[in-house]
Structures are given as structure tokens and as C-alpha cells.
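K.L.:
below is the structure, and that's it, no one-letter string:
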Ligand code: HEM
């Protein structure tokens, strides 16, 4: 406690008095000095707590954790009670929740809010990668990835758009072929979407595509799913470190580390293969991009400085940072798109009028002779706003990622201490009746202005905002448009007679995804000649067929 308040000269002087009295064994003086010190500590604690945003009372040690339930829902309730900026102690972590869109924008544009909280999970990941890194490593990696991913087509500008469209189109055509195979019978679309969406991101990062029924893909997916479940199990340990020592919890933690090792072994095989065939003048994917950087740094004798000197495995050619980047992009780029597409299907099943309007727009603008392309996006405002409305209502990442101030800062008159966890409550912004008319109604037209153009209000923030906003938003928008428009163009999606409408309550995991449901993909007539039998660039199939 004394070290906690070491900046207070008065406390320091008092502690000197206590030490002096203790050395002279002057008991009455010692008691008085001790009490004075306790009073000062208490006063200082109260003063500091008073400067924090208001929030619910909570017991010591566990804080508000026992009452937390489903985090984004509980936070919504607390925001209604304590306002747009509130604080709550969760175990040993102070959490600050922001639900006013202007405050979220104000905070997240500031450099100080780009830190990540220091929790046991963050330590497992060694602060490497892009999602969990911070400081100089994050800054340099974010700039590097931003530039390199643009070169691979993650841009709306120039030739890049065409490159990316070609990648996505191939996966869309494969998906359509696979959906046709179901011959209109009810299916769970989840695994097929997971495969197609994974192939897009794995193509960009590792030149790998998986086939339907591929055991390596199933294993990777199982590892990710198990990772999510295990993360749920050790979740309290993020707030109460001793929790991880309870029976069963240490094993769960060990399993998290083991799964990560297995995934990294998979990436390592691919990295080794890339290294053997590397042509520095002909980079194929993100692995090559990193290998070229690493080779360059080695040749210039600055390998130790690469990645801010954090990747201690570089000298063993195992490139830990590269593996964490591959893992980050795979997990961030797969689950999000897949869940969003599943929600689009759910909303279409629940709103047949809107489904018909989307199909009419596609038929008029694209016609029945070909499939939609990225070029059509600008002429398909109703299709595009149906995607935006899905993002608004599904809130698949309701709490974005947790930020942590790198130093004490002030926001809206309150003190936000360094190291606290700052959470933007995006679901609150997206469902606020003061910002959206009838927020519970699925209405794509709310994104269309009087001139028929698409408008994106500044309180629409599915990709987060500020310096750490989503790095893959351009890819995400292209993918969602291509997959959704082509599915809607080719199929009429329907429920099996007697099946209940899929619920709007999602399953909380890495994203909020719809509960499992079955849907029929009825080919639309007249049949569309699709350019199937696709060209898969230079991608390599891995695993068994
Ligand atoms: C519908 C699809 C997606 C949604 C809704 C989404 C949403 C988000 C959100 C809310 C954040 C956190 C922003 C913050 O905390 O300030 C984020 C971060 C991130 N996203 Fe996405 N995302 C999507 C797709 C993608 C894709 C396809 C990629 C892959 C390239 C990707 C890569 C990332 C990365 C790397 C970060 C961390 C950025 C950083 O820490 O600097 N996301 N995303």
C-alpha cells in the first residue's frame, strides 16, 4: 500500500516517522503515526476512486464478477443505470465501459488508448502478433500489414480490387457448387461457409486452400473451437489470478498452450516449405512477405532488432511473430465473416419481404445471365444496406477488443487509470433509440438517404473506430458483398416446413453467432449459367480430399 501511494510526500514523511518510532520502540507515537497513515491512505483511496466514472458497488477480491452473466447484456443494463461512462471492478481489473459514440470516438483516436490490458492470457501470447501487441511492436506491425495487405488486394483502389475480387469469386463459386449439391434439402450452412471464408484468408496469408471434408481443416477448426471453450473456462483467471490454481483450471490452461503449439506446428510446416521455395522477386503471400523481411534484416545484421527484438525465436528460424500473425488473421478474418453471413441468412428468413426486395434489385441490376461482381456494389444499394443493417443488429463483436490506457488519462472529466480495461459498448450504440428510429426493427432503408445514396452515420461502428479499428474492414466488406449477393442471386433461402424461425439470441463465443439452424437453398429459376470449375490461382490444396 505504501508503494502504491509513494508519490505522496506526506505519506512518505509519515512512513519515515513510523520507521523512526519503530526503531525507538515508542509505542504510543507508533500507534498515532500508524493511524494517521491509515487515515491518509483511506482518504487518498477515496479521492482517487471519486475521480473514477460512477459504477456499481462490488465486494472485494471478486468485484462485480459474480453478477456479470452475459457481459454485453449486463453492461447494457449498467449503462442504463450509471450512464454512458461507468466503471466496475472485475476481480483485480478495473473496467471502464463507454457507450456514448462521441466519447468512444474521442477516446480511441488518442494514442494513449492503444494499449492492451496485462492479463494472464496476454502473457501466454507473449504480446506478439497484431491483436494483442502494443507499443512500438503494434505500431510498426500495423503499418506493415496495412501496406502489405493492400498490395494483396485489400483496397478499393485500382488493380488491387480486381485481385481480391478474383480470390473471393473463386471461393464464392465453389460455395455455390457445394450448395447446389444439397438439391434444396435443409442443411446447416455453417461448415460450408467456414470452409469458403477460411480459404479466402488462408489464400492471402499462406497460399493454402482446403477442400470439403479435409481432415486438416477440421482439426484446425476444432482447435479454434476448443480454444474458445477453454478460454471460457479460464476466463475468470483473467481477473482473479488465483482462480487458475483451482482444480481443473491449470489443466485447461495447459491445454490452451498445447493447442497453440499444435496450430503453430501447422504454420511452421508451411513456413519451412515457403522458405525452401522462396523467390524474393516473386512474393506469393504474407508468409513470403515476412520471410523476405527477415532475410533482409539478417543480411543487414539487424535481425535482433526486428519486431522490436521481441521475437527471440528468430535466430532459430521459427519466427514466432509470423506464426502469431497468421493465427491472428485467421481467427479475426474467419469467424467474423462466417457469423455475419449466417446472420444475413437468419434475417432473410425472418423478413421475406426484404429478401424479395434484395432479389428484385439483383435481377434488375445484374440480370439473370451472370453473377454479381464487385463493380455492381455501387448500383445495388438495397443489397448493400441489408448487409449494413445485419451488422448493426447482429452486433457480432459487441465489446470490440479491450483497450488499456498506457498512462493515466481524463475522459469526460473522469480519471481513467493506466492499465484499466476500457471497453466500447457497441451494441448499446447500435440499438440506441435516440440514434436509430425503431432500433429493433430490421430496416435496411435507414441507411439510404433522400437522394437514394447510402449513408453511414458516425454512430455506426461495427468495425470499431480509431487507431485500433479493424484492420480487415475492406476485405470484410468485399467478402460479405460477394458471398451474400451471389447466394441471394442464385438461391431462394427457405425454412423446412415445421422448422421454427432461427432465434435472434446468439451464442456468445469469439463472436456472437446464431444458434445452429437448418435452411434450404432452393435454386432460383430461370437457372443462371455460372462460370463454375474455377481457377484457383497458385493455391495449394492441403490435407486429404
Ligand atoms: C464482419 C467482419 C468483421 C467485423 C465486424 C470486425 C470487427 C472488428 C472489431 C470491432 C475490431 C476491434 C476494434 C477496436 O477494438 O477498436 C476488430 C479488430 C481487428 N480485426 Fe476485424 N472485423 C471483421 C473482419 C475482419 C477480417 C476479415 C480481418 C482480417 C484481415 C480482421 C482483422 C482484424 C484485426 C487484425 C484486428 C485487430 C487490429 C488491432 O489490434 O490493431 N477483421 N475487428
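P.N.:
Cool, the structure landed. What you see is a predicted model; the values in this text were computed from it and never measured.
K.L.:
please make it C-alpha for all contacts and neighbour counts, starting now.
P.N.:
OK.
K.L.:
what about the most centrally placed residue in the chain, helix or strand, and which?
P.N.:
Among the residues of the chain, the one closest to the centroid is residue 332, at 5.3 Å (CA atoms, centre = their mean). Using DSSP states H and E, the element containing residue 332 is helix 320-350.
K.L.:
is the ligand contacted by that helix?
P.N.:
Yes: interface with the ligand: helix 320-350 contributes 329, 332, 333, 336, 337, 340 (CA under 6 Å from any ligand atom).
K.L.:
against which helices or strands is that helix packed?
P.N.:
When contacts are defined as 3 or more CA pairs under 8 Å, 6 or more residues apart in numbering; DSSP states H and E, helix 320-350 packs onto helix 190-206, helix 249-276, helix 352-365, helix 381-394, helix 473-490, strand 491-494, strand 512-514.
K.L.:
which positions within the following helix or strand past the fourth one qualify as buried?
P.N.:
Think helix 381-394. Reading on from helix 381-394 to the C-terminus, the next helix or strand found by DSSP H and E is strand 409-411. Counting neighbours by 16 or more other CA atoms under 10 Å, one finds that strand 409-411 has no buried residues.
K.L.:
can you give me how far strand 409-411 is from the chain middle?
P.N.:
25 Å (CA atoms, centre = their mean, to the nearest Å).
K.L.:
tell me which residues are up against the helix or strand just after that strand.
P.N.:
As assigned by DSSP H and E, the chain's next helix or strand after strand 409-411 is strand 414-416. The contact list for strand 414-416, computed with CA atoms under 8 Å, 6 or more residues apart in numbering, reads 51, 52, 53, 96, 405, 408, 409, 410.
K.L.:
and with 10 Å instead?
P.N.:
Applying CA atoms under 10 Å, 6 or more residues apart in numbering, the contact partners of strand 414-416 are 48-54, 85-87, 94-96, 404-405, 407-410, 422.
K.L.:
buried only: go through those residues for me.
P.N.:
Buried, going by 16+ other CA under 10 Å: 52, 53, 54, 85, 86, 87, 94, 95, 96, 404, 405, 422, out of those.
K.L.:
return the subset of those residues lying in strands.
P.N.:
Within those, residues falling in strands by DSSP state E are 85, 86, 87, 94, 95, 96, 422.
K.L.:
tell me, how many residues neighbour the residue of the stretch 1-150 of the chain at minimum distance from the ligand?
P.N.:
Closest contact between the stretch 1-150 of the chain and the ligand, by CA to the nearest ligand atom, is at residue 131 (3.8 Å). Close neighbours of residue 131, defined as other CA atoms under 10 Å, add up to 20.
K.L.:
three-state assignment of it?
P.N.:
Three-state assignment for residue 131 (DSSP: H, G, I helix; E, B strand; the rest coil): coil.
K.L.:
does it touch residue 321 like I think?
P.N.:
No: in this structure, residue 131 is not within contact of residue 321 by CA atoms under 10 Å, at 11.7 Å.
K.L.:
tell me the pLDDT of the residue in the stretch 201-350 of the chain that the ligand sits nearest to.
P.N.:
For the stretch 201-350 of the chain, the residue closest to the ligand is residue 333, as judged by CA to the nearest ligand atom, at 3.5 Å. If you check residue 333, the pLDDT there is 91.
K.L.:
repeat for residue 273
P.N.:
As predicted, residue 273 sits at a pLDDT of 94.
K.L.:
that one and residue 145, how far apart?
P.N.:
22 Å (CA to CA, to the nearest Å).
K.L.:
same check on residue 164?
P.N.:
Applying CA to CA, the value for residue 164 to residue 145 is 16 Å.
K.L.:
if you count what's nearby, which of those two comes out ahead?
P.N.:
residue 164 (23 against 17).
K.L.:
list the buried ones in the helix or strand the more buried one falls within?
P.N.:
Under DSSP H and E, the secondary-structure element containing residue 164 is helix 158-181. Residues 160-162, 164-176, 179-180 are the ones in helix 158-181 that count as buried (16+ other CA under 10 Å).
K.L.:
equivalent analysis for stretch 519-529, please.
P.N.:
For stretch 519-529, using 16+ other CA under 10 Å, the buried residues are 519, 520, 521, 522, 523.
K.L.:
can you pick out the most distant pair from the residues you listed?
P.N.:
Taking CA to CA as the measure, the buried residues of stretch 519-529 span a maximum distance of 12.7 Å, between 519 and 523.
K.L.:
tell me the phi and psi of residue 63?
P.N.:
With angles defined as degrees, to the nearest 10, residue 63 sits at phi 60, psi -140.
K.L.:
that one and residue 420, how far apart?
P.N.:
According to CA to CA, residue 63 and residue 420 sit 14 Å apart.
K.L.:
comparing those two, which residue is more hemmed in?
P.N.:
Shown here are residue 63 and residue 420; by other CA under 10 Å, residue 420 has more neighbours (25 against 21).
K.L.:
and the pLDDT for that one?
P.N.:
96.
K.L.:
next one: the one 4 residues further on
P.N.:
The model reports residue 424 with a pLDDT of 97.
K.L.:
what pairs with it across the strands?
P.N.:
residue 98 (DSSP bridges).
K.L.:
surely residue 270 meets residue 287?
P.N.:
Yes: at 8.5 Å, residue 270 counts as touching residue 287 under the criterion of CA under 10 Å.
K.L.:
quick check: neighbours shared by the two?
P.N.:
Residues touching both residue 270 and residue 287 (CA under 10 Å, 6+ apart) are 206, 207.
K.L.:
neighbour count: these two, which is higher?
P.N.:
Under the criterion of other CA under 10 Å, the comparison of residue 270 against residue 287 puts residue 287 first, with 24 against 15.
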